[in-house]
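Asks: build me a model from this:
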Amino acid sequence: MLKQYRLKRGFTLEKLAELCNISWRNLQRIENNPNVAKLETIKKLIKVLEISDKDILEFIKNI
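Replies: Okay, the predicted model is just below:
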């Protein structure tokens, strides 16, 4: 889901990682396995990608 949002917003791995102040390799790991992300990183990604509360709840329901 994260990769879909990133691509929808037109960000490369490198650009989104830069905006969230994380390495692009870490972002790549998170895209492949969201369970490895720290809460602070998740908050940054949600803010930068402008993910709505509705979409977050939908994602949680599908876990």
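Asks: now do the helix or strand encompassing Lys3: distance to the chain's middle.
Replies: Using DSSP states H and E, Lys3 maps to helix 2-8. Centroid separation for helix 2-8 versus its chain: 8 Å, with Cα atoms, centre = their mean, to the nearest Å.
Asks: next, the buried residues of it.
Replies: For helix 2-8, burial by neighbour count (16 or more other Cβ atoms under 10 Å) applies to 2, 5-6. (Each C-beta comes from the backbone N, C-alpha and C, glycine too.)
Asks: elements contacting the next helix or strand after that helix?
Replies: Following helix 2-8 in sequence order, the next helix or strand is helix 13-20 (DSSP H and E). Applying 3 or more Cβ pairs under 8 Å, 6 or more residues apart in numbering; DSSP states H and E, one finds that helix 13-20 contacts helix 24-32, helix 39-49.
Asks: rebuild the ones you listed as CSV, extending it with mean neighbour count, distance to Leu13 and mean pLDDT.
Replies: Shown next, in CSV, are those (neighbours: other Cβ atoms under 10 Å; distance: least, Cβ to Cβ, whole Å; pLDDT from 0 to 100):
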stretch, mean neighbour count, distance to Leu13, mean pLDDT
helix 24-32, 16, 4, 95
helix 39-49, 15, 12, 94
